[in-house]
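Participant: my questions concern the predicted model and sequence given below.
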Amino acid sequence: MDLKEFLVFRHGETDWNLIKRLQGHSNIPLNEKGREQALVLQKLLSFYRPQVILTSDLSRAFETAEIANQDLQCSLHSTSALRECHMGQSEGMFRDTLLEKFGQQSWDRWLSAKDEDQDFAFPGGESKTEHLRRMLEYVERFVQENIQLHRIAISTHGGSLYRLIQNCRNAPKSSLTVPNCALFRFQLDIQSREWTFLEQVQVNEPALTQPVS
């Protein structure tokens, strides 16, 4: 099968999310709200039934995956390749402090989906291109080594999801928000290595009652 389906979700809330502090590779745990959010993912994943879950090794993503996986009991594969972007000197800063130190233009370039801004990095950190490359290299290699799998879940980070969405052939024209525990569906053609954005799964849509095969 050349087409693989991916269910990619952001980790639950942390205290640093709450106070708008940039986490990057900092290993910040979920807070109680984050654990509650992961329980909603547990129901969604039980509906979609992925065959395996890949997860960032940072505790906020790994614990989200563990909670979401409680009913499924899939095999979990933890890796640093799925971490958030390393943000260099800006890591650990409050957003207001970052704007004071690096300026609004730097923040705008960090958020930008324009091709000319993909090589932007904060001093000492990864560029967005480098971040995307390490994620895709790991995921595509995993798929090639486990060719029998057709539906794979990934527990990762907000920046990771933005990079993946922007890399898709039919990325949404309007900007999407990626709240904690947001879930997105993608498709990968393993021959062309082309990613397609399918949808953002809405938790408040009509109840999911029939299992997906």
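Facilitator: That came through, no problem. Numbers count the residues shown, from 1 in each chain.
Participant: and the residue lying closest to A121 once chain neighbours are set aside, backbone torsions?
Facilitator: What sits nearest to A121 in space, not counting adjacent residues and going by CB to CB, 6 or more residues apart in numbering, is S127, at 4.0 Å. C-beta: built from backbone N, CA, C; applies to glycine. Per-residue torsions, S127: phi -80, psi 160 (degrees, to the nearest 10).
Participant: quick one: pLDDT of S127?
Facilitator: On pLDDT, S127 comes in at 97.
Participant: distance check, it against A61.
Facilitator: 21 Å (CB to CB, to the nearest Å).
Participant: who has more neighbours, those two?
Facilitator: A61 (25 against 16; other CB atoms under 10 Å).
Participant: now name the helix or strand holding the more buried one.
Facilitator: helix 59-68 (DSSP states H and E).
Participant: residues of the helix or strand just after that helix that come out buried?
Facilitator: Next helix or strand after helix 59-68 toward the C-terminus (DSSP H and E): strand 75-79. Across strand 75-79, burial judged by 16 or more other CB atoms under 10 Å covers 77-78.
Participant: show me what strand 75-79 packs onto, helices and strands only.
Facilitator: strand 52-56, helix 59-68 (3 or more CB pairs under 8 Å, 6 or more residues apart in numbering; DSSP states H and E).
Participant: make a markdown table out of those and add distance to S106 and mean pLDDT.
Facilitator: Shown next, in a markdown table, are those (distance: least, CB to CB, whole Å; pLDDT from 0 to 100):
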| stretch | distance to S106 | mean pLDDT |
| --- | --- | --- |
| strand 52-56 | 25 | 98 |
| helix 59-68 | 25 | 98 |
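Participant: from one end of stretch 7-15 to the other, what's the distance?
Facilitator: From its first residue to its last, stretch 7-15 covers 25 Å (CA to CA, to the nearest Å).
Participant: what average pLDDT does it get?
Facilitator: The average pLDDT for stretch 7-15 rounds to 98.
Participant: buried stuff in that stretch?
Facilitator: Those would be 7-14, for stretch 7-15 by 16+ other CB under 10 Å.
Participant: from those residues, pick the one nearest S80.
Facilitator: H11 (14.8 Å; CB to CB).
Participant: contact partners for the closest one?
Facilitator: Applying CB atoms under 8 Å, 6 or more residues apart in numbering, we find H11 in contact with 30, 34, 38, 56, 58, 60-61, 63-64, 155-157, 180-181.
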